[in-house]
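# just to be clear, the model below is a prediction. Sequence and coordinates:
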Number of protein chains: 2
Amino acid sequence: MTPTHGVARPTLDDVAVHAGVSRATVSRVVNSQSSVAPELRERVQEAIDELGYVPNQAARSLMTRRSDTIALVASEPATRVFGDPFFSGIVRGVSMEANRANLQFMLLMAQDFEDLERVKRSLRVWPVGGVLLISGHAGDGLPEELQELGLPYIIGGRPTRADLVAPYVDSANVIGAQLAAEHLLSVGRRRIGTITGPLDMGAGVDRLAGFRDSLGTSFRADCAENGDFTQRGGEDATQRLLERCPDLDGLFVASDLMALGALAALRRAGLQVPRDVAIVGFDDNEFALTSDPPLTTVRQAPIVQGRAMVRLYLELNRPDIEVADEPGIPDLSGRDHLVLPVKLVVRDSA
Amino acid sequence: MTPTHGVARPTLDDVAVHAGVSRATVSRVVNSQSSVAPELRERVQEAIDELGYVPNQAARSLMTRRSDTIALVASEPATRVFGDPFFSGIVRGVSMEANRANLQFMLLMAQDFEDLERVKRSLRVWPVGGVLLISGHAGDGLPEELQELGLPYIIGGRPTRADLVAPYVDSANVIGAQLAAEHLLSVGRRRIGTITGPLDMGAGVDRLAGFRDSLGTSFRADCAENGDFTQRGGEDATQRLLERCPDLDGLFVASDLMALGALAALRRAGLQVPRDVAIVGFDDNEFALTSDPPLTTVRQAPIVQGRAMVRLYLELNRPDIEVADEPGIPDLSGRDHLVLPVKLVVRDSA
DNA sequence: CGACGACCGGAGAGCGCTTCCACTAGGCTC
DNA sequence: GAGCCTAGTGGAAGCGCTCTCCGGTCGTCG
């Protein structure tokens, strides 16, 4: 048996004795709820500092029946979660905001069906107060599971099932894709194809929809190829696309990582970007800047998205934690969802 | 206040009543320690299944004064943790093995000094039973802090301070670098430079040491340039190196990600790989395979390393959890450290 | 000046679990 | 067959905390 801490940690009682008050008073000071006389509060605070008192989370959550832990669940294999800067942004945002709210967050990844079961089991066993769902694929069953467990959750992206009402934080994917398509049209491209994201994900569907919408009658279904948001997938998809639509002069790729693959495929096919084919990506991550040529792309803000997800969770489920307004993060009081703006960033690829 | 679970969860008592035994007996069955009559044990198990009983972790760890949670702490910014497949491998390995042992793991990243303080605070507040430290930089103070907190920890890599005795799991970095250098020599290269890792990290120091060792008197200090294990860092370092040592015909780069950058820098300088400069990397991750040309590199096994770290932790600190032998993971009974073998993988770059 | 209310602090009951201890059987040894 | 184990079970005491009650102390108004 391993004690959690080598040195015996001071308890509430210790502090109470030290400060000459009752446990209840100390508790009230610690949780800064209800009224404690200023003088007493100060004395208690001093005792806390002096003893280096830190509340025992286990005891606390045993009593309150809630836990100050949120889980970030990605229905993706670890390689993808770790390979795409988009996820790193989300994680950073979540980590940032969770920290500010004194929540602990844990990261769960589900590579496959088996893992999905494991994750569900984890959520059952571990005292988690809420779940942030990212990269949801239709049919992973996670929202339903959480519903059943009575665990509040926030979706990053949008619900994939229309009958499922759930709070979410999404990027303006449709608009972003429209901007991309319009830009390609505005630089004179007329035979425009697209590499989509997975069509069981909101982002995949929406970016295709926006693209199709802006192209109108010039949209050619045979010049849309499915990718999987990985570089390799983008490369393969582009190669297939080139075989079917060799006369392409413009390409909207639904993520920068896939666009990187597309660049490689085009180069191998002897095509120059943007001279022969103009490319617009989606994300605006570090790859977009360092690629050759630098990508024209649609900027979204994964860090903000991650932060907003935590804040939305707090807003809806933790009235005891106050969420201070923050510049750069849209106000979300009273809302149950948020769609973050995107912006076209023009560089050399289109 | 949010209840952790919408539906009232059955407690030990519920199970006890249902099975017609005492709480103590149910607890014994759940923890499968000490002896319970087979017949009773079965009856209890049935009751557990029937009610869908899941132990309350908070109550449990309140009693046992330990927590079934381990933290994986990376002294790196999130962008690096998420950008390098090495980390993704570690995380996957840890996640895998933690899961098997029914431990929860949480990921903490320290971008800078401020974060480091935050992480330390987290470790104090949250009931963590042990810590896995990766990517330790000399002077981050983490080991000392953990020592003081009385938290057991395992180092991924090796202790950066000689006076610090701590269990660790490392790769055979010195040997790996020797293999790389010897390979470059064996293909006839004589003017060999190196891009090192950060020299405040064990991996950085050891790979340089192995390289220098194999080169002997042909080692040229001015043809060693420091990198930071990022692609960009590798690119910049290579560029600097080329200015100082334009006659280079071989290059050992201490990580594949940096090697990718090196390839870019060489290409920009109009040099061909391997004709003009032969390159050997370190890692053997997916980039090594897809780069142009595919990298000759030293293979290490981050997933195994992650798994071994958890197993070593269990071995040393949790006698109550048994660690079954696993093919592919070196036996670690009785050991307090492990050095994983590496292997040269020859492809086209050298 | 007495009574009422507002407010503040303390006592104490548990949250769900583990584990020490006491106790009962049954199987030994001599 | 009496003593003595050993194995198996239940009772009960808390782990450290929160929060409901309740009693006490003021300020204030009639």
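Sure thing, it's come through.

# ranges for the helices of the stretch 151-300 of chain A?
Here the stretch 151-300 of chain A has its helices, by DSSP state H, counting those that start in this stretch, at A:173-186, A:202-215, A:231-244, A:256-268, A:286-290.

# what about those helices, which gets the closest to DNA strand D?
Nearest of the helices of the stretch 151-300 of chain A to DNA strand D, taken as C-beta to the nearest atom of the strand: helix A:202-215 at 36.8 Å. In this view, the C-beta of every residue, glycine as well, is placed from N, C-alpha and C.

# and A:Asp249, how far from A:Arg220?
12 Å (C-beta to C-beta, to the nearest Å).

# could you do A:Asn99 as well?
Separation of A:Asn99 from A:Arg220 (C-beta to C-beta): 48 Å.

# what's the answer for A:Gly204, then?
18 Å.

# what does A:Val339 give?
Per C-beta to C-beta, A:Val339 is found 29 Å from A:Arg220.

# likewise for A:Arg207?
17 Å.

# these two: who's more crowded?
A:Arg207 (29 against 16; other C-beta atoms under 10 Å in any protein chain shown).

# just to check, that one is in contact with A:Ala177?
Yes: contact criterion C-beta atoms under 8 Å: A:Arg207 and A:Ala177 qualify, at 4.3 Å.

# burial count for A:Glu286?
Burial of A:Glu286 is recorded as 15 neighbouring residues (other C-beta under 10 Å).

# grab the nearest non-local neighbour of it.
A:Pro85 (6.1 Å; C-beta to C-beta, 6 or more residues apart in numbering or on different chains).

# my guess is the one you found contacts A:Asp284, does it?
No: shown here, A:Pro85 and A:Asp284 do not form a contact pair, counting by C-beta under 8 Å, at 9.7 Å.

# now do the contacts for A:Asp331.
A:Asp331 sits next to A:Asp325 when contact means C-beta atoms under 8 Å, 6 or more residues apart in numbering or on different chains.

# and it, which of the three is it?
coil (DSSP: H, G, I helix; E, B strand; the rest coil).

# for A:Val339, same thing?
Secondary structure, three-state DSSP: A:Val339 is strand.

# the closest residue in space to A:Gln57 that isn't next to it in sequence: neighbour count?
Among residues not flanking A:Gln57 along the chain, B:Pro127 sits closest, at 5.5 Å (C-beta to C-beta, 6+ apart). Taking other C-beta under 10 Å as the criterion, the count of residues near B:Pro127 is 22.

# I'd guess B:Pro127 is in a helix, am I close?
No: under three-state DSSP, B:Pro127 sits outside any helix and is assigned coil.

# for it, phi and psi?
Torsion angles at B:Pro127 (phi, psi; degrees, to the nearest 10) stand at phi -80, psi 90.

# which residues are in contact with the residue nearest the centre of chain A?
The centroid of chain A falls nearest to A:Ile90 when counting by C-alpha atoms, centre = their mean (4.0 Å). Contact partners of A:Ile90, counting by C-beta under 8 Å, 6+ apart, are A:72, A:134, A:156, A:302-303, A:305-306, A:309.

# what score does whichever residue of the stretch 151-300 of chain A sits closest to chain B have for pLDDT?
Nearest residue of the stretch 151-300 of chain A to chain B (C-beta to the nearest C-beta) works out as A:Pro152 at 6.7 Å. With respect to pLDDT, A:Pro152 scores 91.

# which single residue of the stretch 251-350 of chain A ends up nearest DNA strand D?
For the stretch 251-350 of chain A, C-beta to the nearest atom of the strand, closest residue to DNA strand D: A:Asp320, 8.6 Å.

# and that residue, how far from B:Ile192?
The value you get for A:Asp320 to B:Ile192, if C-beta to C-beta is used, is 62 Å.

# out of those two, which sits in the more crowded spot?
Shown here are A:Asp320 and B:Ile192; by other C-beta under 10 Å, B:Ile192 has more neighbours (26 against 12).

# and the gap between that one and B:Ser214?
For B:Ile192 relative to B:Ser214 (C-beta to C-beta), the value is 10 Å.

# swap in A:Ala162?
63 Å.

# of these two, which one has the most company?
Set A:Ala162 next to B:Ser214 and count neighbours by other C-beta under 10 Å: B:Ser214 wins out with 22 against 7.

# now the residue nearest to that one when sequence neighbours are not counted: how far from DNA strand C?
Distance criterion C-beta to C-beta, 6+ apart; nearest residue to B:Ser214, sequence neighbours excluded, is B:Ala181 at 3.6 Å. Distance of B:Ala181 to DNA strand C, given as C-beta to the nearest atom of the strand, to the nearest Å: 53 Å.

# if I read this right, B:Ala181 contacts B:Val253, doesn't it?
No: look at B:Ala181 against B:Val253 with C-beta under 8 Å: they stay out of range, at 11.9 Å.

# of those two, give the one with the bigger neighbour count.
Per other C-beta under 10 Å, whichever of B:Ala181 and B:Val253 has more neighbours is B:Val253, with 32 against 26.

# make JSON lines from the helices of the stretch 151-300 of chain A and add mean pLDDT to it.
Compiled in JSON lines, the helices of the stretch 151-300 of chain A are given as follows (pLDDT from 0 to 100):
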{"stretch": "helix A:173-186", "mean pLDDT": "98"}
{"stretch": "helix A:202-215", "mean pLDDT": "97"}
{"stretch": "helix A:231-244", "mean pLDDT": "95"}
{"stretch": "helix A:256-268", "mean pLDDT": "95"}
{"stretch": "helix A:286-290", "mean pLDDT": "86"}
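
# so for B:Gln239, which of the ones you listed sits nearest?
With C-beta to C-beta as the criterion, B:Gln239 lies closest to helix A:286-290 of the helices of the stretch 151-300 of chain A, at 14.0 Å.

# how close does the nearest residue to A:Val280 once chain neighbours are set aside get to DNA strand C?
Spatial nearest neighbour of A:Val280, chain neighbours left out: A:Ala180 (4.2 Å); criterion: C-beta to C-beta, 6+ apart. Distance, A:Ala180 to DNA strand C, by C-beta to the nearest atom of the strand: 53 Å.
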